[in-house]
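A.B. asks: next input, structure requested:
(chains A and B)
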There are 2 protein chains.
Amino acid sequence: MTSYDKTPRTTLRRIPERGVYDRAAVHAILDEALVCHLGFVIDGQPYVIPTFVVREGEVIYVHGAAASRALKTLEAGMAACVTVTLLDGLVLARSAFHHSMNYRSVVVLGTAREVRDRDEKLRILDAFVEKVSAGRSREARGANEKELAATRVLAMDIVEASAKVRTGPPKDDDEDADIPIWAGVIPLRPVAGAAVPDGDMAGRPVPVLRHPFRADR
Amino acid sequence: MTSYDKTPRTTLRRIPERGVYDRAAVHAILDEALVCHLGFVIDGQPYVIPTFVVREGEVIYVHGAAASRALKTLEAGMAACVTVTLLDGLVLARSAFHHSMNYRSVVVLGTAREVRDRDEKLRILDAFVEKVSAGRSREARGANEKELAATRVLAMDIVEASAKVRTGPPKDDDEDADIPIWAGVIPLRPVAGAAVPDGDMAGRPVPVLRHPFRADR
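C.D. replies: Numbering: from 1, shown residues only, chains lettered A, B, ... in the order given. Just a heads-up that it's a prediction; the model follows:
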C-alpha cells in the first residue's frame, strides 16, 4: 500500500483537500523535520514537549534521558501523538480572514515501545547524529555503556498517520481583488548561520548539514 | 510577581538549570514564535496540532474555524497544553551522547475559554495579522459578520507556565577533548525568501515582517 488508511482519528474534516495520506509524502515531511512535538497524557492533562525525531522505514524514534518522566510515561504504553510541522511561508491576503500560512505537517497517533535491543538502539542513536550531518556518527565517539544506560529510545510504528499541506497563494474573495494592499506569499526557511567553533578547530572542516539547512551567504 | 509559580507540573526535573520561570522571558519566547503546538485529549488520545498563537498580557490566544473539532473540544473546558519551540542551533559535540540543540521553548498548561466578547475578538483577530506585519490590520479588509461567525478564538491564561532554554557550546567530557572532529554550534534561524506576489503588485511595497524574520540577502 502506498498510502496510510484514513481512520476516523486521522481523516481531515476541515479543508479535506489539504489531507495527504501518501506514505512517501508523510515520510518526506518527517525526514525534513528535526524536531517533533510529542504529546502524552498524565492524570488527564496533555503535555506537549519538543524533541528530536528520526524515521526508519515505518517507525519513528525519539530519545531522551532514561530518567525522563515523559519517556517513562510513554514507555508504559500510554497513547501518544507525534506531530511535525514545517513552516514554509506566510500567506498575506487582501482580507484579514484569508491570511494563512503555508506549511507541511504530519500527525502520527499510536503507542510507543522502548527499544531494548542493543543493536537497534545503537543504530538509532547513530541515526540521530546522521540526521544532522551525514557521516558524523562514524567520527564522533559512540555511546559507552554508561551513556547507553542513561538514554532511552522509544519507537512508534507509523500506522495511523496523516499529513496536512497548504501551498500556494492567498485565496481572497473575488470582491476583494481591488483592495490596494500587497498580497502574496513570503517564503520562510531555516538557514544556518556562521558556525561557532568550541575551541580551536583550525583545520577541521565544519560539518555539512543535511537538507534543508542551507548555509547563509 | 515577576515569575510564574513553579508547580509540580511545570517544575523541570531533568536539567533544572534550563528551567526559566521569569514572565518577561516566557513572554519573549511566546511573542517570537508564530506557531504553537496545541495539545488536547479526546477519548484518552492526545492530539497535537500546529496553530498560530498570539499573546496579550497574561493571555495567549489561538483561533481557527468555528467548526474545528479541536477548538470545540477545548472550548468545552478540556485541559490543554500550548507549547512553543524556537530552534536556535545545532550543538555538535565530540561524543554522540553530548550532541544537542540550542532552543527556547515554553509550555503553558491550563484550560481554554472561548472569546465571545465582540470587541476582544476583533482586537485579537487584528493581533494575529499584526504579529506577522505591524500595521497590516489597518490595511487589510477586516472580518465581516459571516467571517466573524465562522471563526472561533480561544483564550488561555498564562498561569501555569515554564520555559526551557539551552544555549552555548557542547559540553563534552574532558577525556574527549582531543577527538579530532569539529565541535561547536551551528546557529539556525528562520529567514524570509523572495516575496511571491499574488498578481500584479507593482507599486505596492512588500510588507516588512516582524522579528525574527529577516529578509534573505
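A.B. asks: tell me what the longest strand anywhere in chain A is packed against?
C.D. replies: As assigned by DSSP state E, the longest strand anywhere in chain A is strand A:79-92. Under the contact definition 3 or more C-beta pairs under 8 Å, 6 or more residues apart in numbering or on different chains; DSSP states H and E, strand A:79-92 sits against helix A:23-32, strand A:35-42, strand A:100-111, strand A:184-192, strand B:35-42, strand B:45-52. C-beta coordinates here come from the backbone N, C-alpha and C atoms, glycine included.
A.B. asks: export those as JSON lines, with columns for distance to residue B:14.
C.D. replies: Shown next, in JSON lines, are these (distance: least, C-beta to C-beta, whole Å):
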{"stretch": "helix A:23-32", "distance to residue B:14": "25"}
{"stretch": "strand A:35-42", "distance to residue B:14": "14"}
{"stretch": "strand A:100-111", "distance to residue B:14": "22"}
{"stretch": "strand A:184-192", "distance to residue B:14": "26"}
{"stretch": "strand B:35-42", "distance to residue B:14": "19"}
{"stretch": "strand B:45-52", "distance to residue B:14": "20"}
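A.B. asks: excluding chain neighbours, what is closest to residue A:129?
C.D. replies: Taking C-beta to C-beta, 6 or more residues apart in numbering or on different chains as the measure, residue A:129 lies nearest to residue A:137, with 4.2 Å between them; neighbours along the chain are not counted.
A.B. asks: report pLDDT for the one you found.
C.D. replies: Reading off the confidence values, residue A:137 has pLDDT 95.
A.B. asks: one more: the one 3 residues further on?
C.D. replies: pLDDT, the model's per-residue confidence, is 96 for residue A:140.
A.B. asks: chain neighbours aside, what residue packs nearest to it?
C.D. replies: residue B:96 (4.7 Å).
A.B. asks: helix or strand with the lowest mean pLDDT in chain A?
C.D. replies: Within chain A, no helix or strand scores below strand A:214-215, which has a mean of 62 by mean pLDDT, DSSP states H and E.
A.B. asks: regarding chain A, what is its longest helix?
C.D. replies: helix A:118-132 (DSSP state H).
A.B. asks: residue contacts, the most far-flung residue of chain A relative to its centre?
C.D. replies: Among the residues of chain A, the one whose C-alpha is farthest from the average of all C-alpha positions is residue A:178, by C-alpha atoms, centre = their mean at 39.0 Å. Residue A:178 makes contact with no residue under the criterion C-beta atoms under 8 Å, 6 or more residues apart in numbering or on different chains.
A.B. asks: tell me where chain A is predicted with low confidence.
C.D. replies: Using pLDDT under 70 as the threshold, the predicted model of chain A has low-confidence ranges A:211-212, A:214-217.
A.B. asks: next one: phi and psi at the residue farthest from the centre of chain A?
C.D. replies: Dihedral angles of residue A:178 (phi, psi; degrees, to the nearest 10) stand at phi -100, psi 10.
A.B. asks: hmm, back to that, give the pairing partners of the longest strand of chain A; include direction for each.
C.D. replies: Paired neighbours of strand A:79-92 in the sheet (DSSP bridges): strand A:35-42 (antiparallel), strand A:100-111 (antiparallel), strand A:184-192 (antiparallel).
A.B. asks: ok so, going back, could you dump whatever helix or strand comes next after the longest helix of chain A to CSV, C-alpha only?
C.D. replies: Sequence-wise, the next helix or strand beyond helix A:118-132 is helix A:136-139, with elements assigned using DSSP states H and E. Written as CSV, here are the backbone C-alpha positions of helix A:136-139 (Å, rounded to 0.1, in the frame of the first residue of the first chain):
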residue,chain,number,x,y,z
ARG,A,136,29.2,12.2,11.6
SER,A,137,28.3,9.1,13.6
ARG,A,138,31.5,7.5,12.4
GLU,A,139,33.6,10.4,13.5
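A.B. asks: what's the span of stretch A:91-108, first residue to last?
C.D. replies: 26 Å (C-alpha to C-alpha, to the nearest Å).
A.B. asks: chain center to it: distance?
C.D. replies: For stretch A:91-108, the separation from the chain centroid amounts to 18 Å (computed by C-alpha atoms, centre = their mean, to the nearest Å).
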